[in-house]
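J.: here is the input, now give the coordinates:
(4 chains)
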There are 2 protein chains.
Amino acid sequence: MTITTHQRTTILEVAREAKASKTSVSRYFSGERERLSPCMQTRIAAAAQRLGYRPNRMASGLKRGRSKLIGMLVADIRNPFSIAVMYGVEQACRERGLSLMVCNTDNDPAQEREHLSLLASYQIEGLVINAVGSLDQELQTLVQQGIPLVLLERELSEVEAEVVGLDNARAIDLALDHLQDRGYGELLYLSEPPGLASPRQARLTRFQQGVAARNLTGETHCQPLSEPETLQNAISNFIARPGTSPKALLCANGNATLAATRALQAHGAPLGDIGLIGIDELDWCELVSPGITTLAQPTEAIGRAAVECLMRRREAGDRTTPSRQVHFQAILIPRGSTRR
Amino acid sequence: MTITTHQRTTILEVAREAKASKTSVSRYFSGERERLSPCMQTRIAAAAQRLGYRPNRMASGLKRGRSKLIGMLVADIRNPFSIAVMYGVEQACRERGLSLMVCNTDNDPAQEREHLSLLASYQIEGLVINAVGSLDQELQTLVQQGIPLVLLERELSEVEAEVVGLDNARAIDLALDHLQDRGYGELLYLSEPPGLASPRQARLTRFQQGVAARNLTGETHCQPLSEPETLQNAISNFIARPGTSPKALLCANGNATLAATRALQAHGAPLGDIGLIGIDELDWCELVSPGITTLAQPTEAIGRAAVECLMRRREAGDRTTPSRQVHFQAILIPRGSTRR
DNA sequence: TTGTACGCGTTATCAC
DNA sequence: GTGATAACGCGTACAA
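T.: Below you'll find the model as predicted:
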């Protein structure tokens, strides 16, 4: 039977109930159970059970300097990619007894700064960052405070932090090779504006290099996806233009794929006739007939790797290890949208 | 210029730097700025700026008993519905200066219990719960500790907590009316097993009532969606069976819609010929030709309402107000899948 | 094996 | 208007 207290039970109450001292109870709950006599152990266990006791993490975090909290800054929580990575992060955290604080910043640098500072105030032990702004200075502060950082795909040169993400160059190469294989010679690259977001930048430049290297024709359209008409027009123009070779669209991420698919449907162009390939595998890509070819990112692995990096760095005493980069390979999933 | 300390700056250091007392600095940062002399204010501001000071929320949480933390228990973080609600929760939290701790439980009651206890140990000020298990006892403990609870669509009768969610009965009615309007007379209801999850239960029973009331023919298939073949067979049998009236599928949630769409495609049945309507609006429903009719849930509003309930209850001193239910209406989005 | 005493960084109380 | 001091709940030397 649990006793009904409207206040949380403290270690002191458990100690009294078990006729033991604070210390013993504390030991019991911090993995030093073996050092206690069996009798004492059962008494404490019983007392804690009766009172429904749970150590206060605020207090223990304050005392030991370890909050057992990991922070995650997400640029856009509604992006399936972010969620998929978050799933991996959450799993890895749980396996290590860590909890996760999630902050969504809606692609707003001001909010990113605010949330960063907030997370720091909770004494988080590590931070996984997926942000759009240039946060060098704020991040530098965190690094100086000894908080391990992992950047998801945002290679900010200045800061000493791990970087985990896709091997963008090879992913684009994979896409271009596939398109060329399938006979598409004139390409339109669709992306949101790269801005400071380095993966967008990396993918874009590799596209440009890769097109040249393969003697393909390539154009790019890097506009916000918020206004469908802009995209629609770009695609219509691309299709209408006289050309000597089949045409295809290459979408830089899931959002772009979604927008492009909408635009193609509105335009009435059948998939495959106009080729379509996108980075990021989504639930529905196999459903939109005849299926959309994608480059899947190993999202869960990316999330787990992020936490692993965090922990490794924390145990390594921070400054000693140089920061590293972990790159994962995209997986091509060929479907009807690149089959003529 | 920020000074490089590898430890976090404390209030004491700021006090020394500003030639003031801890108390004054504390006042400055806890909204009692006005009580300080202008001179003192600028001194503290400058010192804090120089040192990059931020109050330690662990410590203040310990002292004041307010962690400024809201917890959210999510049954399945990869379910778009959960994410959409979470978006609303996060926004509402941010507007109130609260932070969000997210726990994914992967539909596992054991993990739900574990996370619940973990969240409590962080002295969270409120909890939004979307769970599958029967957690009555654990939740009761939290209520007794004075933690406000909001259940997303899981009406656990015993516990004194707010319930926020969809008006399931009317949503099902809406679906049935729509299907009947469009001339579908034989229906197959697809759902994951209802188990203890009350929205599934509510939708299922309403379907059965509603079918009877309208003189329609209705069957139900409530199996896990993990094995596509089971669903596939059920649908094939349903379609193959001789009938007097057009047939349609009604999917209880987004997962079911996804599975049903896959199965129909595998079966080669064109949408609309066999009707399809699903609860939960998803990105891709408009893309799968000729578009899938859905009942959209106002997810962001649900998330925000959850946090509002939490805060209202906290300010009301907890026990006084009776627990309430907030129900939102689904919105019908008709598309080609219910047009013959 | 067990208990005592102190400090983590903050806020609240009470003096000045 | 300002400052000293005692908690908050816990972990951990150190002593017993």
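J.: A:Pro148: what's it in contact with?
T.: By C-beta atoms under 8 Å, 6 or more residues apart in numbering or on different chains, the residues touching A:Pro148 are A:125-127, A:161-162, A:309-311, A:313-314, A:318. Yep, even glycine has a C-beta here, placed from its N, CA and C like the rest.
J.: run the last query once more with 10 Å
T.: Contacts for A:Pro148 (C-beta atoms under 10 Å, 6 or more residues apart in numbering or on different chains) come out as A:70, A:124-128, A:142, A:160-162, A:309-316, A:318, A:323.
J.: tell me the SS of A:Ala294?
T.: No Ala there; residue A:294 is Thr. Here A:Thr294 takes the strand state, with states given by DSSP: H, G, I helix; E, B strand; the rest coil.
J.: identify the bridge partners of it.
T.: On the basis of DSSP bridges, A:Thr294 is bridged to A:Gly278, A:Ile333.
J.: neighbours around it, how many?
T.: When neighbours are counted by other C-beta atoms under 10 Å in any protein chain shown, A:Thr294 registers 27.
J.: what about the helix or strand bottoming out on mean pLDDT in chain A, near chain B?
T.: Lowest mean confidence among the helices and strands of chain A (mean pLDDT, DSSP states H and E): helix A:136-144, at a mean of 85. Yes - Helix A:136-144 is in contact with chain B by C-beta under 10 Å from any C-beta of the partner chain, via A:137-138, A:140-141, A:143-144.
J.: now, which of those sits nearest A:Arg94?
T.: If you rank the residues of helix A:136-144 next to chain B by distance to A:Arg94 using C-beta to C-beta, A:Val143 comes first, at 25.8 Å.
J.: now do the host helix or strand of A:Gly218: which elements does it pack against?
T.: Counting by DSSP states H and E, the element that carries A:Gly218 is strand A:217-222. Here strand A:217-222 touches strand A:186-191, helix A:198-213, helix A:228-240, strand A:247-251, helix A:254-267, going by 3 or more C-beta pairs under 10 Å, 6 or more residues apart in numbering or on different chains; DSSP states H and E.
J.: and the third one, what does it pack onto?
T.: The reference is to helix A:228-240. Packed next to helix A:228-240, using 3+ C-beta pairs under 10 Å, 6+ apart, are strand A:186-191, strand A:217-222, strand A:247-251, helix A:254-267.
J.: residue ranges for the strands of chain A, please.
T.: A:69-74, A:99-104, A:126-130, A:149-152, A:162-166, A:186-191, A:217-222, A:247-251, A:275-279, A:293-296, A:325-328, A:331-333 (DSSP state E).
J.: make CSV from these and add distance to B:Pro224 and mean pLDDT to it.
T.: Below are the strands of chain A laid out as CSV (distance: least, C-beta to C-beta, whole Å; pLDDT from 0 to 100):
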stretch, distance to B:Pro224, mean pLDDT
strand A:69-74, 30, 95
strand A:99-104, 27, 92
strand A:126-130, 32, 94
strand A:149-152, 33, 92
strand A:162-166, 32, 92
strand A:186-191, 38, 97
strand A:217-222, 43, 96
strand A:247-251, 33, 98
strand A:275-279, 30, 98
strand A:293-296, 24, 98
strand A:325-328, 31, 92
strand A:331-333, 25, 98
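J.: nearest to chain B: which residue in chain A?
T.: Closest residue of chain A to chain B, C-beta to the nearest C-beta: A:Trp284 (3.1 Å).
J.: grab the nearest non-local neighbour of that residue.
T.: B:Trp284 (3.1 Å; C-beta to C-beta, 6 or more residues apart in numbering or on different chains).
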